[in-house]
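Participant: Sequence plus predicted model, see below.
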Amino acid sequence: MNIIGINFNHSDTSACVIVNNKLIAAVEEERFNRIKHTNAFPFRSIEYCLKEANLHLKDIHIIAINTKPFSNIFKKLTYSIKKFVSFKLAMRSIASIKKKTKIKNEILNNFPNQKFNGKIKYIDHHLSHIASAYYCSNFEESICLSIDGFGDFASLAYGFATKNNIKIDKKIYFPHSLGIFYQAVTQFLGFDKYGDEYKVMGLSSYGKPIFKDKLKELIEIKNNCEFKLNLKYFNHFDQDITINFKQQFQYNDLFNDNFQKLIGFKKRDKDQKIENFHIDLAKSIQEIYEEYLLRIINFLYKKYKCENLSLSGGCSANSVANGKILKNTKIKNLYIPPSPGDAGGAIGAAYECSETRKVKHLKTASLGPFYNNDLIKDAINKLIKKKKFKISFFNNAESLSEKIASIIIEKKIVGLFSGRMEFGSRALGNRSIIADPRDSVIRDIINSKTKKRENFRPFAPAILYEEVNKWFDINHEVNFMSEVYNFKKEKKIFVPAVCHVDNTGRLQTVSKESNKIFYSIIKKFYNLTNIPIILNTSFNENEPIVCSPSDAIQTFLKTKIDALILEDWLIER
């Protein structure tokens, strides 16, 4: 059976393809149209997935969408009746339902020369999230938890999965949401763009949680893990806060004047200096989220008596909180997919429609486009002026890995373009910027040469899997950079560029199985330095992660990256 999965009518639109229960490809539309967190229909993503699977639309049996237009409709209608002021929001929601049900028209409009004779199936938003985690884990039985802003009128869903069947037992509905709670504070701190919550995570490590008591007035959580927002402080439940801006959702402030009065200072302007009280507010919201997440998980453990957890939803990108789950709950095995947010819902929806749902443990995010050396050569000839650069070609992968390691040791910054592009928001060695982690100054160098981002944000350590227990207080795989852990005290001094101010790192474990080329580069660096870690950050400059050789070359040219690896090609300044 051939299945296309789609995330549509949310941010981070995406597509995947499953053939005979095997995940062949998955990609976000933003990588093609270069609009970060785009909500555009993912026709380029579908086109790529079909090409990768050597299929046409006529070969597809099911197109699965990670939303169900009439899911939770009774809750939606009863809420609208009770809250007459929300009538306009209800009408907008109905319009959204109509848009979702016309997905076939979108497909036919974007693929006018192809026929689609299969079925279109709509899968509940949170079921899609949960499915993207559980079916890709190696668990037979698992607690399942999805937490995000909102999807199909719900913000949280939990349940239990066994023998490849998922049963959702509980949902938390609009207007109550941990995602909205965190996003409101993110906006208040001056980070207004969709997805900026990761900036608050990074900032929180510098602060003190002195605003916790005030923030707890915004939300009440009960012993059974249900929670309610104090709507006195929020806007989202009685006015339309969504703006569709250039194929990209943006959001008006979720908080109101009561929120500002409670906190005691005004919203930070995006260009305003970050003061200590801003940092302390970031610390406070982060600690509250962690506290509530752990309470929910502990409740679920008591309910289901299972040590496996499949975690998903947009809030599952909170790697700082994720890193505290194994230490502070009775969960022993945690699986978070490479894209736990809306983009990954495409995979969950597709697998929910498959016949057997039995999936090989997904340990790699390398699901996107690959470009061979010939295509790369064409891009180099078109975009590179050879007199300004030294261009080399390596026939031997070992020699190239040794060369990359030697360049990094010289404190140079390398753009790494290798293999299939990663699916999800993390660059994991295929579309990465890499550097030597031993010098704290390297962070400033990267920011000045390419990233041009806030200086409080940490860079990630990519570590050889077999060495992880010597450097961190853990001994398990973290393939997708989804968890933050403490460095061992005696080790942190050796890698200051990837050790955050609170002595933590958002680590990525790298094995031969998960990424052979990246593993080889780190191994060569280890042989030369006795450090099994390199600095890894995404290959981009305030844009989506690079996808094609042209994207990589253009980013190389407009920044001051010292060297660029394009498969077996090396370009040096």
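Facilitator: Perfect, I can see it now.
Participant: Longest strand in the protein, please.
Facilitator: strand 141-151 (DSSP state E).
Participant: Pull out the buried residues from the helix or strand just after it.
Facilitator: Using DSSP states H and E, the next helix or strand after strand 141-151 towards the C-terminus is strand 154-162. Using 16 or more other Cβ atoms under 10 Å as the test for burial, strand 154-162 gives A154, S155, L156, A157, Y158, G159, F160, A161. Glycine gets a C-beta too; all of them are placed from N, C-alpha and C.
Participant: Tell me which helix or strand in the protein has the weakest average pLDDT.
Facilitator: helix 87-101 (a mean of 55; mean pLDDT, DSSP states H and E).
Participant: got the residue ranges for the strands in the stretch 151-300 of the chain?
Facilitator: 154-162, 165-173, 219-221, 227-229, 242-244, 249-251 (DSSP state E, counting those that start in this stretch).
Participant: Just say helix, strand or coil for the residue lying farthest from the centre of the chain.
Facilitator: The C-alpha centroid of the chain is most remote from K387, which lies 39.3 Å away (Cα atoms, centre = their mean). Of the three states, K387 takes helix according to DSSP: H, G, I helix; E, B strand; the rest coil.
Participant: Just want to check the distance between it and N381.
Facilitator: 13 Å (Cβ to Cβ, to the nearest Å).
Participant: what does N230 give?
Facilitator: 61 Å.
Participant: These two: which has the busier surroundings?
Facilitator: Neighbour count, other Cβ atoms under 10 Å: between N230 and N381, N230 has more, with 16 against 10.
Participant: show me the contacts for the residue lying closest to the more buried one once chain neighbours are set aside.
Facilitator: Among residues not flanking N230 along the chain, L218 sits closest, at 5.3 Å (Cβ to Cβ, 6 or more residues apart in numbering). Taking Cβ atoms under 8 Å, 6 or more residues apart in numbering, we find L218 in contact with F181, A184, L229, N230, Y233, F234, F259, L262.
Participant: Return the member of these nearest to M201.
Facilitator: Proximity to M201 was ranked across the contacts of L218 by Cβ to Cβ; first place goes to F181, at 14.5 Å.
Participant: residues near the spatially closest residue to that closest one that is not a sequence neighbour, how many?
Facilitator: Leaving aside its chain neighbours, F181 sits nearest to I219 (5.5 Å; criterion: Cβ to Cβ, 6+ apart). Applying other Cβ under 10 Å, we find 19 residues neighbouring I219.
Participant: what bridges to I219?
Facilitator: Bridge pairing for I219 (DSSP bridges) gives the partners L229.
Participant: Hmm, it is touching N230, no?
Facilitator: Yes: in this structure, I219 is within contact of N230 by Cβ atoms under 8 Å, at 6.6 Å.
Participant: by how many degrees do whichever helix in the chain runs longest and strand 165-173 diverge?
Facilitator: Counting residues, the longest helix found in the chain (DSSP state H) is helix 276-304. In terms of direction (axes from the mean of the first three to the mean of the last three Cα atoms, to 10 degrees), helix 276-304 departs from strand 165-173 by 140 degrees.
Participant: Mean confidence (pLDDT) on helix 276-304, please.
Facilitator: Averaging pLDDT along helix 276-304 yields 97.
Participant: what's the angle between that helix and strand 154-162?
Facilitator: Going by the same axes, to 10 degrees, helix 276-304 makes 40 degrees with strand 154-162.
Participant: what's the distance between helix 276-304 and the middle of its chain?
Facilitator: Offset of helix 276-304 from its chain centre (Cα atoms, centre = their mean, to the nearest Å): 19 Å.
Participant: helices or strands next to it in the packing?
Facilitator: strand 141-151, strand 154-162, helix 178-188, helix 197-204, helix 212-215, strand 219-221, helix 319-322, helix 325-328 (3 or more Cβ pairs under 8 Å, 6 or more residues apart in numbering; DSSP states H and E).
Participant: hmm, 7 Å instead?
Facilitator: Using 3 or more Cβ pairs under 7 Å, 6 or more residues apart in numbering; DSSP states H and E, the elements in contact with helix 276-304 are strand 141-151, helix 178-188, helix 197-204, helix 212-215, helix 319-322.
Participant: Is it possible to get a markdown table of the ones you listed that adds mean pLDDT?
Facilitator: Formatted as a markdown table, the helices and strands packed on helix 276-304 follow (pLDDT from 0 to 100):
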| stretch | mean pLDDT |
| --- | --- |
| strand 141-151 | 96 |
| helix 178-188 | 97 |
| helix 197-204 | 96 |
| helix 212-215 | 97 |
| helix 319-322 | 98 |
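Participant: So for V468, which of those sits nearest?
Facilitator: helix 319-322 (15.5 Å).
Participant: So what touches the closest one?
Facilitator: M201, Q286, Y289, E290, L293, S316, I336, S482, E483, V484, R506 (Cβ atoms under 7 Å, 6 or more residues apart in numbering).
Participant: JSON lines for the residues you listed, including neighbour count and distance to D342?
Facilitator: Formatted as JSON lines, these follow (neighbours: other Cβ atoms under 10 Å; distance: Cβ to Cβ, whole Å):
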{"residue": "M201", "neighbour count": "23", "distance to D342": "19"}
{"residue": "Q286", "neighbour count": "24", "distance to D342": "22"}
{"residue": "Y289", "neighbour count": "26", "distance to D342": "19"}
{"residue": "E290", "neighbour count": "19", "distance to D342": "23"}
{"residue": "L293", "neighbour count": "24", "distance to D342": "19"}
{"residue": "S316", "neighbour count": "25", "distance to D342": "12"}
{"residue": "I336", "neighbour count": "27", "distance to D342": "15"}
{"residue": "S482", "neighbour count": "24", "distance to D342": "16"}
{"residue": "E483", "neighbour count": "25", "distance to D342": "20"}
{"residue": "V484", "neighbour count": "24", "distance to D342": "22"}
{"residue": "R506", "neighbour count": "25", "distance to D342": "21"}
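Participant: farthest-separated two in the residues you listed?
Facilitator: Q286 and I336 (17.7 Å).
Participant: Relative to D169, how far out is the residue most central in space within the chain?
Facilitator: Residue closest to the average C-alpha location in the chain (Cα atoms, centre = their mean): S425, at 3.9 Å. S425 is 29 Å from D169, where distance means Cβ to Cβ.
Participant: residue ranges with poor pLDDT in this structure?
Facilitator: 73-74, 76-101, 245 (pLDDT under 70).
Participant: Around the closest residue in space to N72 that isn't next to it in sequence, how many other residues sit close by?
Facilitator: In space, and not counting its chain neighbours, N72 is closest to F153: 4.3 Å by Cβ to Cβ, 6+ apart. F153 is flanked by 19 other residues according to other Cβ under 10 Å.
Participant: Just read off the phi/psi values of the residue nearest to Q187 when sequence neighbours are not counted.
Facilitator: In this structure, Q187 finds its nearest non-sequential neighbour in D253, 5.6 Å apart by Cβ to Cβ, 6+ apart. Dihedral pair for D253: phi -60, psi 130, per degrees, to the nearest 10.
Participant: so how far is Y289 from D253?
Facilitator: With Cβ to Cβ as the criterion, D253 and Y289 are 19 Å apart.
Participant: can you check I474 too?
Facilitator: 21 Å.
Participant: got it, and I3?
Facilitator: Taken as Cβ to Cβ, the span from I3 to Y289 is 35 Å.
Participant: what does N109 give?
Facilitator: The gap separating N109 from Y289 is 41 Å, by Cβ to Cβ.
Participant: For the nearest residue to C499 once chain neighbours are set aside, what are phi and psi?
Facilitator: Among residues not flanking C499 along the chain, K492 sits closest, at 4.5 Å (Cβ to Cβ, 6+ apart). Backbone torsions of K492, given as degrees, to the nearest 10, read phi -60, psi -30.
Participant: Distance-wise, check K492 relative to G118.
Facilitator: Relative to G118, and taking Cβ to Cβ, K492 is found at 54 Å.
Participant: Could you say which one of the helices and strands packed on helix 276-304 comes nearest to K36?
Facilitator: helix 197-204 (12.8 Å).
Participant: who's in contact with that closest one?
Facilitator: With Cβ under 7 Å, 6+ apart, helix 197-204 has contacts from 182-183, 185-186, 189, 191, 279, 282-283, 285-286, 317-318, 320, 454, 456-458.
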